[in-house]
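> got a predicted model here, sequence first, then my questions.
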Amino acid sequence: MAFGFLAVVFISREVDPAEFSRYFHLKSLLYMFLLCGTFVFSIVIDSLRMKWLYSFVWKEKFPLYDAFFNNYMSFVFSMLTPFYFGGQFFQTYHLSRMGFRSEHNVNVILSRFVEYLISVTVLSILGLVRYRNLLFSNALLTSKLILLAYLISVSFIAVLMVSLINPTLIARLFNVFKRIGWIDRLIKKITKAEDWDTRFLEWTEKLKESVQVLWKSGFMFFDFPLTFISLLVQSFVLYLAIWFTSGKIGFLDVTGLFYFLSLVVFYIPTPGASGGVEAVYQIVFSKILNSSEKTLASILIWRISTYYLPIFIGIAFLLIYRYPKEVTR
């Protein structure tokens, strides 16, 4: 959280306080609680998806309250860890404590991971197409870094999707990479694994099996649209934050930029990309809204509603949550 505070302090040096106060005022507190509730609604959708999945595919009872705790705390732990890795670990732990079979838990988490990646990539293309001239122009000093981060994310997702469809092709590609010394050394340094190619192929094979289990059940044809709805609700929160500060930009434009930048800020190594999110969104949206003050007010309202406030609520939720009696016996 300190990183976010420092980023805001740094950004505010370029902002006129009097102009900023026109957009960020006492009424903004009401907006924050309203937007926080809207954001939590997206987690309710994800919770229903999980509850229905266990019920439909494996005929197992999963109370909505516990499913909500699982998804909400997954978000909280993602926001408190670099590269968002903590969320999936917590989900696995909680599902195991609930007594669900480990192979089912792996199927759920990995399949939802694939759904998320596909959905975010599709939505990010809206932002790329609509604002490509801005995102990759000299108007943004960081345009090359933004492009590089986005291409890395999309490349990883593309390799992952191809590995699910044709793992043999990826195996051949990795053999080529292994022969190129600097690429092999770079990947070993990043992954800290000598056999990075074998590990990735084994992981994608498990991922493929997980996805096939749920797709064959037919549930994913129902679950995929719900994934999009949940993601659209999340981008709607940012749209409302901009709208409350009199910003003029369409909902689909906000959605496209939101998920485009989500793939960019993923590589910022602070918990929940704190600080980086504020800076990158300020840089991009200030060019679109033509007002640093209006943009900073929008980002603060949105970020407090979907990051800081939910984390504090999550900590309280963690303290009062109790596992079902049949689990604790």
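Structure received.

> now the helices for the stretch 101-250 of the chain?
Listed in chain order, the helices found in the stretch 101-250 of the chain under DSSP state H, counting those that start in this stretch are 102-130, 132-135, 143-165, 167-179, 181-191, 196-217, 220-244.

> helices or strands next to the longest one in the packing?
Here helix 102-130 touches helix 27-58, helix 86-97, helix 143-165, helix 196-217, helix 220-244, helix 251-265, going by 3 or more Cβ pairs under 8 Å, 6 or more residues apart in numbering; DSSP states H and E. (C-beta placed from N, C-alpha, C; glycine too.)

> those: which one's closest to Leu289?
For Leu289, the closest of the helices and strands packed on helix 102-130 is helix 220-244, at 7.2 Å, according to Cβ to Cβ.

> helices and strands around the closest one, which ones?
helix 27-58, helix 102-130, helix 196-217, helix 251-265, helix 292-303.

> by mean pLDDT, show me the worst of those.
Lowest mean pLDDT of those: helix 196-217, a mean of 75.

> any idea how many residues pack against Ile301?
Neighbourhood size, Ile301 [other Cβ atoms under 10 Å]: 25.

> check the gap between it and Ile109 for me.
Computed as Cβ to Cβ, to the nearest Å, the Ile301 to Ile109 distance reads 32 Å.

> now Met73
Met73 is 14 Å from Ile109, by Cβ to Cβ.

> please apply the same query to Tyr267.
22 Å.

> the two: which has the busier surroundings?
Regarding Tyr267 and Ile109, a neighbour count based on other Cβ under 10 Å identifies Ile109 as having more, with 18 against 15.

> shouldn't that one be in contact with Phe90?
No - the criterion here is Cβ atoms under 8 Å, and Ile109 misses it with Phe90 at 10.5 Å.

> you'd agree Val254 is up against Leu232?
No - with contact defined as Cβ under 8 Å, Val254 does not reach Leu232; the gap is 10.4 Å.

> A strand includes Glu60, no?
No - assigned with DSSP: H, G, I helix; E, B strand; the rest coil, Glu60 falls outside any strand and is coil.

> compute the number of surrounding residues for Ser246.
Neighbours of Ser246 (other Cβ under 10 Å): 13.

> for Ala279, same thing?
21.

> contacting residues around it?
7, 10-11 (Cβ atoms under 8 Å, 6 or more residues apart in numbering).

> what helix or strand does it sit in?
helix 276-289 (DSSP states H and E).

> thinking again about what came up before, turn the contacts of Ala279 into TSV, columns for neighbour count and pLDDT.
Shown next, in TSV, are those (neighbours: other Cβ atoms under 10 Å; pLDDT from 0 to 100):
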residue	neighbour count	pLDDT
Ala7	22	73
Phe10	13	76
Ile11	19	79
